[in-house]
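J.: okay, sequence plus prediction incoming.
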Amino acid sequence: MKLNPISLFRRKRFFARSAERHACQVQGELVLTDSMVTYEGRLINISAGGAMFRPRLAYLMHRRDVEIELHIAGKAIAGTIVATTPAGFGIRFAGLLDQKSIADILAAQRDLAQAA
C-alpha cells in the first residue's frame with residue numbers, strides 16, 4: 001500500500017445538505033419579482049431551505065441571483081434563484097419553511113394523484 005503524505009493534510013471533499021429534500025410533482029407558478037414575468041411549471045423537490053422548479057419551457061434561460069415568488073398549493077414563498085440546471089431552477093427560500101408547510105405542499109401532490 002502506497003501512502004501519500006500530502007493527501008493526509010488536504011481538505012476532504014464532503015457535501016451534506018442541511019435539510020432533507022422531498023421529491024414531489026406539484027404544479028405551481030414562479031414569478032420573477034423584478035419583471036413580473038410568470039412561469040407555469042412543476043416543483044420537482046422541496047426542502048426547508050429551498051426547492052427545484054421546472055418551468056414548462058423547451059429552453060431554460062440562465063438565471064442567477066433573481067428574486068422570485070413561488071406560488072405552490074395556495075402558498076406564496078419568497079426566494080432567490082441560485083442556479084439554473086437542465087432539471088430547472090434551483091431556488092433558495094428567503095426563510096426556512098416549517099415542516100407543516102412542507103407537509104401541506106406534499107399533501108397537495110397526493111390529493112392531485114388521488115383525483116386523477
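T.: The structure has been received and is ready for your questions.
J.: the helix or strand containing residue 24: partners in the sheet, and parallel or antiparallel?
T.: Assigned by DSSP states H and E, residue 24 belongs to strand 22-32. Strand pairing for strand 22-32, using DSSP bridges, gives strand 37-46 (antiparallel), strand 66-72 (antiparallel).
J.: buried residues in the last one?
T.: In this case it means strand 66-72. Buried positions in strand 66-72, judged by neighbour count with 16 or more other C-beta atoms under 10 Å: 66, 68, 69, 70, 72. Glycine gets a C-beta too; all of them are placed from N, C-alpha and C.
J.: of those, closest to residue 26?
T.: Taking C-beta to C-beta as the measure, residue 26 sits nearest to residue 72 out of those, at 5.7 Å.
J.: for the closest one, give me its contacts.
T.: Contacts for residue 72 (C-beta atoms under 8 Å, 6 or more residues apart in numbering) come out as 26, 28, 43, 105, 108.
J.: in this protein, where is pLDDT below threshold?
T.: The chain contains residues with pLDDT under 70 at 1-19, 111-116.
J.: what do you get if the cut-off is 90, keeping everything else the same?
T.: Judged by pLDDT under 90, the chain has its weakly predicted residues at 1-22, 34-37, 57-65, 73-74, 86-87, 105-116.
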